[in-house]
Structure formats: C-alpha cells, structure tokens
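>>> show me the folded form of this:
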Amino acid sequence: MALNQEAIAAAVAKEIERQQKEVVYEDLSVDELNKVCEQLTAKLEMVKAAAAKKGGKAEAAAMKARKVDSSAKFPELPWGGVCLPDDCESHAACARAAWLSIFGSLARQHAAASSNSSAA
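Numbering: from 1, shown residues only. As a prediction, the model looks like this:
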C-alpha cells in the first residue's frame with residue numbers, strides 16, 4: 001500500500017495550522033514562549049526574504065499610535081484627580097493617597113482570598 005506523500009504533507013500542514021490557531025500563550029512557560037518567538041522570527045525572516053525576491057517591501061509596516069482626542073473623558077482615578085509635580089503643591093500627599101488606595105485594594109483582595117481558602 002503506497003502512501004500519498006502530498007496528502008500526508010497537506011494533512012500535517014493543516015494540523016500544524018490548527019494547533020497554532022489554538023495556542024494559549026498565557027499557558028506556556030517562559031522557555032516555551034522563547035521557542036515560539038524564535039520560530040515566529042524565523043518564519044518572519046523567510047517571508048521578508050520571499051517578499052524581497054519578488055521586489056516587494058521587505059520591511060514590516062511601522063506601527064502608529066492612535067491619536068487621543070484632547071476632549072476625551074477618562075474615568076476618575078480612585079484616589080482623586082491627576083496630580084503632576086508642577087501642578088500640585090503637595091505632590092507627596094497625592095502620591096501617598098494613590099499608593100494607599102492601591103495597597104488597600106490589594107490588601108482587601110488578599111484578605112478576601114485568605115478567608116475564602118480557610119473556609120473551604
């Protein structure tokens with residue numbers, strides 16, 4: 001019984017593509033993520049080389065940041081408004097209030113998690 005090499009190659013390529021679409025990067029270890037980066041970088045280099053051979057642009061398009069409308073309204077911070085050193089006479093007090101707000105939130109989350117785990 002002869003195996004069709006083209007069908008096998010197509011099936012393997014299809015399976016690899018399926019697995020790559022389903023990758024959950026957050027579940028990978030640092031070593032696995034580094035390996036994925038190496039593989040994707042190598043693939044990118046092959047694509048750039050192919051584009052250059054065909055006379056195309058071999059460089060990736062530059063990413064451009066979206067301009068934020070100056071009239072945009074942002075939600076109020078939990079510790080109050082924005083406090084910049086040049087605008088505030090007591091920048092240390094503003095920074096302390098921000099730190100206490102964040103730290104307090106984390107402490108409450110930790111306490112809730114501790115009480116839930118000890119109750120179980």
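
>>> for the lowest-mean-pLDDT helix or strand in the chain, packing partners?
For the chain, counting by mean pLDDT, DSSP states H and E, helix 91-119 ranks last in confidence among helices and strands (a mean of 74). Packed against helix 91-119, as judged by 3 or more Cβ pairs under 8 Å, 6 or more residues apart in numbering; DSSP states H and E, are no other helices or strands. For glycine as for every other residue, the C-beta is placed from the backbone atoms N, C-alpha and C.

>>> mind listing what's buried along it?
Neighbour-count burial for helix 91-119 flags 94, 97 (criterion: 16 or more other Cβ atoms under 10 Å).

>>> next one: it to chain centre, how far?
Counting by Cα atoms, centre = their mean, to the nearest Å, helix 91-119 is centred 25 Å from the centre of its parent chain.

>>> now stretch 40-59
24 Å.

>>> hey, C-alpha coordinates of that stretch in CSV?
What follows is the C-alpha trace of stretch 40-59 in CSV, where atoms were taken according to Å, rounded to 0.1, in the frame of the first residue of the first chain:
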residue,chain,number,x,y,z
LEU,A,40,8.0,33.2,14.6
THR,A,41,11.1,35.3,14.0
ALA,A,42,12.5,32.6,11.6
LYS,A,43,9.2,32.5,9.8
LEU,A,44,9.1,36.3,9.5
GLU,A,45,12.6,36.3,8.1
MET,A,46,11.6,33.7,5.4
VAL,A,47,8.6,35.9,4.5
LYS,A,48,10.7,39.0,4.3
ALA,A,49,13.2,37.2,2.0
ALA,A,50,10.4,35.9,-0.2
ALA,A,51,9.0,39.4,-0.5
ALA,A,52,12.4,40.9,-1.3
LYS,A,53,13.0,38.3,-4.0
LYS,A,54,9.7,39.3,-5.6
GLY,A,55,10.6,43.0,-5.4
GLY,A,56,8.3,43.8,-2.6
LYS,A,57,8.9,45.7,0.5
ALA,A,58,10.8,43.5,2.9
GLU,A,59,10.3,45.7,6.0
